[in-house]
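**Q** sequence and predicted structure below; questions after.
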Amino acid sequence: MRRLLMPFFLGTCSFLGGLTAVYVTAQGLPFARADNPAAVSDLGRLSDRFEAVARKISPTVVAIDASKVASKGGKMKTVEESGSGVLVRLPNQKGVYVLTNNHVIQQAPPDQINISLADSHILKPSQVWTDPESDVAVLRVDGTDAIPTANLADSDQTRVGQWVLAFGSPFGLNQTVTHGIISAKERGQISLGATIRIKEFLQTDAAINPGSSGGPLVNLDGDVVGINTAIASNSGSNSGVSFSIPINMVKRIAKQLLEKGAVSRGYLGVQVAASFEAADAIKLGMDRAQGALVETVYADTPAAAAGFRTNDVVLDVDGVTVRNENQFINLISSLTPGQRVQVKVWRDRKTVSLEAEVGDWAK
């Protein structure tokens, strides 16, 4: 069986199952029992909301099949990949586009990509753009001005604990809908292969399985908050820990792909530690484990020219507090090459200010 999502391995966690009760909390939510009509009514309204979102979004969800020629066992063979996507309109762009994951369609020519709509019509993209480093892909589909498209949310407003629905084609089961909550934000401590370096995922416990890659994660307003990408699993199937690319990141990447054909990213030239623990902070004389620990400063780079050193802890970039290594990477990559930035680092038990000119990641 093809494993279409890109799982990494963590301890197994249990999935948030069907909604069976609402328990009393500090906010005073009542028990959902037959002798509590108000609670039963609340559950009914939530169920109605789920149904309304499913009706709204399902017509915009597509199944994607892609064929490419690849080497397997020393022989060139045709490899088929499958996944999901969502039909959208993009700001300042004419026409309809499909948002999905790069790993669903990578290296497949446009004429070998089939996009199956909810009404069973099959389309082929007229143009394809991909960004392997974020795992985002954008496909243009022509002659579809009348078909429904999904609205894109402001994913910065997404809240932990918020209800979401995941749409896709797990195991080839098109138009599948599951529900859960946003479990966490800004997850980047996961490994998805050497090519995917831009990671700032929404974590959800909505059931996402192989074949759901590229499908939308949707809030209860029926707006897309993320594009489903990966699962944490020991078995390759859902274990309640899944990850979606925030839609604001997807929008930024799509804008550059359509306007420039590629994504421009900033670069300093440092290797930061994969984690910065409390023990590391204490050893360096810090009172909190916050920032990005520099492991290596590469020669002939903007970081070297600015005076970065090994064991510096990056605390702040142009007034933006650096929380961890992944946020630092995303922050620098979002800057414009040639831009000058003020950087504060922790060095020799005190704060030191540096000025750096951002380089171009692609050069």
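**A** Done, it's in. Residues are numbered from 1 along each chain as shown.
**Q** I'd say R340 and E357 touch.
**A** Yes - assessed by CB atoms under 8 Å, R340 is found in contact with E357 at 5.2 Å. Any C-beta I mention is one placed from the backbone N, CA and C, and that applies to glycine too.
**Q** and the residue nearest to P109 when sequence neighbours are not counted, what does it touch?
**A** Among residues not flanking P109 along the chain, K68 sits closest, at 7.6 Å (CB to CB, 6 or more residues apart in numbering). Residues near K68 by CB atoms under 8 Å, 6 or more residues apart in numbering: 78-79, 81, 106-109, 112.
**Q** rerun that using 7 Å as the cut-off
**A** 79, 107-108, 112 (CB atoms under 7 Å, 6 or more residues apart in numbering).
**Q** quick check: phi and psi at it.
**A** Taking degrees, to the nearest 10, you get phi -150, psi 160 for the backbone angles of K68.
**Q** now it, which residues is it bridged with?
**A** For K68, the beta-bridge partners under DSSP bridges are V79.
**Q** what sits against the residue nearest the centre of the chain?
**A** In the chain, the residue lying closest to the centroid (CA atoms, centre = their mean) is I245, at 1.3 Å. Taking CB under 7 Å, 6+ apart as the criterion, I245 is in contact with 134-136, 201, 226-227, 229.
**Q** secondary structure element holding it?
**A** strand 242-246 (DSSP states H and E).
**Q** output the helix or strand just after that strand as PDB - backbone C-alpha positions only.
**A** Of the helices and strands lying after strand 242-246 in sequence (DSSP H and E), the nearest is helix 247-260. What follows is helix 247-260, C-alpha atoms only, in PDB (Å, rounded to 0.1, in the frame of the first residue of the first chain):
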ATOM      1  CA  ILE A 247      -2.800  28.800   5.100                       C
ATOM      2  CA  ASN A 248      -1.100  32.200   5.600                       C
ATOM      3  CA  MET A 249       2.300  30.600   4.800                       C
ATOM      4  CA  VAL A 250       0.700  28.900   1.800                       C
ATOM      5  CA  LYS A 251      -0.700  32.200   0.600                       C
ATOM      6  CA  ARG A 252       2.700  33.900   0.800                       C
ATOM      7  CA  ILE A 253       4.400  31.100  -1.100                       C
ATOM      8  CA  ALA A 254       1.700  30.900  -3.700                       C
ATOM      9  CA  LYS A 255       1.900  34.700  -4.300                       C
ATOM     10  CA  GLN A 256       5.700  34.400  -5.000                       C
ATOM     11  CA  LEU A 257       5.300  31.300  -7.100                       C
ATOM     12  CA  LEU A 258       2.700  32.900  -9.400                       C
ATOM     13  CA  GLU A 259       4.400  36.300  -9.600                       C
ATOM     14  CA  LYS A 260       8.000  35.200  -9.800                       C
END
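**Q** strands paired with the strand holding I245, and their directions?
**A** Looking at strand 242-246 with DSSP bridges, its partner strands are strand 201-204 (antiparallel), strand 223-231 (antiparallel).
**Q** would you turn those strands into a markdown table with mean neighbour count and distance to G307?
**A** Listed next are the strands paired with strand 242-246 as a markdown table, based on neighbours: other CB atoms under 10 Å; distance: least, CB to CB, whole Å:
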| stretch | mean neighbour count | distance to G307 |
| --- | --- | --- |
| strand 201-204 | 25 | 33 |
| strand 223-231 | 27 | 37 |
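**Q** and of those strands, who's closest to T60?
**A** Among those, the nearest to T60 by CB to CB is strand 223-231 (8.7 Å).
**Q** next, the angle helix 247-260 makes with the closest one.
**A** Angle, strand 223-231 to helix 247-260, by axes from the mean of the first three to the mean of the last three CA atoms, to 10 degrees: 90 degrees.
**Q** need the contact partners of strand 223-231.
**A** 5-8, 86, 99, 101, 135, 150-153, 155, 158, 164, 166, 168, 190, 192, 202, 208, 212-219, 238, 241-247, 250.
**Q** same check, this time on stretch 55-63
**A** 84-87, 98, 115-118, 148-150, 167-169, 174-175, 215-216, 218, 222.
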